[in-house]
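Asker: Build me a model from this:
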Amino acid sequence: MRFKNVVLESLATALPPVVLTSAALEERLRPLYERLKLPFGRLELMTGIKERRFWEPGTRPSQASAQAVRAALAKTTVPVAALEMLVHGAVSRDMLEPATAAFVHRESGLPAQMQVLDLSNACLGFLNACTLLGGMIESGQIRAGIVACGENGGPLVEETIRRLCTSPLDRQQIKPYFANLTIGSGAVAAVLCHRDLAPAGSPRLVGGVARAASEHSALCMGDRAEGEALAMQTDSEQLLVAGVETARLTWGDLGRELGYTEKDFDRFVCHQVGVMHRRRLYETLGLDAAKDFSTFENFGNTGSVALPFTLAQARESGFITTGQRVGLLGIGSGINCVMLVLEC
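Answerer: Numbering: from 1, shown residues only. Got it, this is the predicted structure:
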């Protein structure tokens, strides 16, 4: 993937109001911890996640996404009427039909003359949507569009707590549910457009590479049986191993296809899972972890929102500044990996 004319003109987030600390979450799991004699504090110790956020009960993913879209529209210089496509890239969705993007469109005051669709690919949805829009802008099919993701992890965490506290599971049987306790919520939206529509100095999407390792697609699976709450089980240890190996191969692809090495990047932003994933990823790829910016400590794993939200936070904090080259290291269950290059 190579782009000459695609810029990330506006990037905005929306934060859920409800904060749940890892300590408070473990307190709700007290029946399980006491029955299995588990040490309190292990969740934060193993993941580095101090807290995560959730939307108020009853909040739909589209409502979360619409908040971020309105924030992105408030920041953009691109006329709203010039936006020709809306892509909703979250894992979370309001329902099977219609597309969640339809509700986001309705809530956001976007023009009627545009394509409106969902694109779902686990935690990679935002990056995949950016490459889709980028390709259409580069080819001249559209001039501008907007990507939105609204993740609502609250129902999954609530169902996980219920199962762990009411089912006679042993230490080995609870492992597939552990990753669920790292999940948080959030929303993000971005306006992408042709560089002719953007102010000088807008971050430019240079290009990237993608790789699939679908032989590992059973390592993390979530589904909803009819009439039941969403459930997800993850082989966290094997997912870490397979995910980092896929990232290693993808990083090699990036070097061969676009010619970049570690020293060519000023900053990196990776998918936000936890402290172990972050350390293993940068050690394996041979990248300087000091160039990384993380948010999992206070927001957990927010799915498709995690990487772009972290990018937005890094820019707002001044960690990423104008003139820097940033590597976006995305990975999602499946396993799929996308790495993009952004010149700010």
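Asker: Just to check, Glu44 is in contact with Ala24?
Answerer: No. Using C-beta atoms under 8 Å, Glu44 is not in contact with Ala24, being 11.0 Å away. Just so you know, the C-beta spots here come from the backbone N, C-alpha and C atoms, and that holds for glycine as well.
Asker: what's the longest helix along the chain in contact with?
Answerer: Longest helix of the chain, by residue count under DSSP state H: helix 236-258. Helix 236-258 has contacts (C-beta atoms under 8 Å, 6 or more residues apart in numbering) with 2, 175, 178-179, 206-211, 213, 216, 219-220, 260-261, 276-277, 280-281, 284-285, 327, 329, 331, 333, 335-339, 341.
Asker: Mind giving me the PyMOL select for the residues you listed, buried ones only?
Answerer: To isolate the buried ones among the contacts of helix 236-258 in PyMOL, judged by 16 or more other C-beta atoms under 10 Å, type:
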select buried, resi 178+179+206+207+208+209+210+211+213+216+219+220+260+277+280+281+285+327+329+331+333+335+336+337+338+339+341
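Asker: in this structure, which residue is closest to the centre?
Answerer: Centroid-nearest residue in the chain: Ser304, 2.5 Å away (criterion: C-alpha atoms, centre = their mean).
Asker: unless I'm mixing things up, that residue is touching Asp118, no?
Answerer: No. Ser304 is beyond contact range of Asp118, at 11.3 Å (criterion: C-beta under 8 Å).
Asker: Which neighbours do the two have in common?
Answerer: Gly89.
Asker: before we move on, back to that, so Glu44 and Ala24 - more neighbours on which side?
Answerer: Glu44 (19 against 10; other C-beta atoms under 10 Å).
Asker: leaving aside the residues next to it on the chain, what's closest to that one?
Answerer: Nearest non-adjacent residue to Glu44, counting by C-beta to C-beta, 6 or more residues apart in numbering: Ser22, 4.2 Å away.
Asker: What's the separation between that neighbour and Glu51?
Answerer: Between Ser22 and Glu51 the distance is 7 Å, computed by C-beta to C-beta, to the nearest Å.
Asker: Counting neighbours, go ahead and name the busier of those two.
Answerer: Ser22 (23 against 17).
Asker: those strands in the stretch 1-150 of the chain, which residues are they?
Answerer: Taking DSSP state E, counting those that start in this stretch to define them, one finds strands in the stretch 1-150 of the chain at 6-14, 18-21, 51-54, 85-88, 115-118, 144-151.
Asker: And the contacts of the third one?
Answerer: Counting contacts by C-beta under 8 Å, 6+ apart, the residues outside strand 51-54 that touch it are 15-22, 152-154, 157, 182-186, 298-300, 302.
Asker: That strand - what's its average pLDDT?
Answerer: Averaged over strand 51-54, pLDDT sits at 97.
Asker: Using CSV, write out every CA atom in it.
Answerer: In CSV, the C-alpha atoms belonging to strand 51-54 read as follows (Å, rounded to 0.1, in the frame of the first residue of the first chain):
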residue,chain,number,x,y,z
GLU,A,51,-8.3,1.0,35.3
ARG,A,52,-10.6,1.0,32.3
ARG,A,53,-13.7,3.0,31.3
PHE,A,54,-17.2,2.0,30.3
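Asker: quick one, helices of the stretch 151-300 of the chain?
Answerer: Applying DSSP state H, counting those that start in this stretch to the stretch 151-300 of the chain gives helices spanning 154-166, 171-178, 236-258, 275-285, 296-299.
Asker: Minimum distance to Ala72: which of these has it?
Answerer: helix 296-299 (18.7 Å; C-beta to C-beta).
Asker: That closest one: what's the following helix or strand?
Answerer: As assigned by DSSP states H and E, the chain's next helix or strand after helix 296-299 is helix 306-317.
Asker: Now for the closest residue to Gly135 other than its chain neighbours: which residues touch it?
Answerer: Of all residues not flanking Gly135 in the chain, Met1 sits nearest, at 7.4 Å (C-beta to C-beta, 6+ apart). By C-beta under 8 Å, 6+ apart, Met1 lies in contact with 131, 134-135, 207-210, 340.
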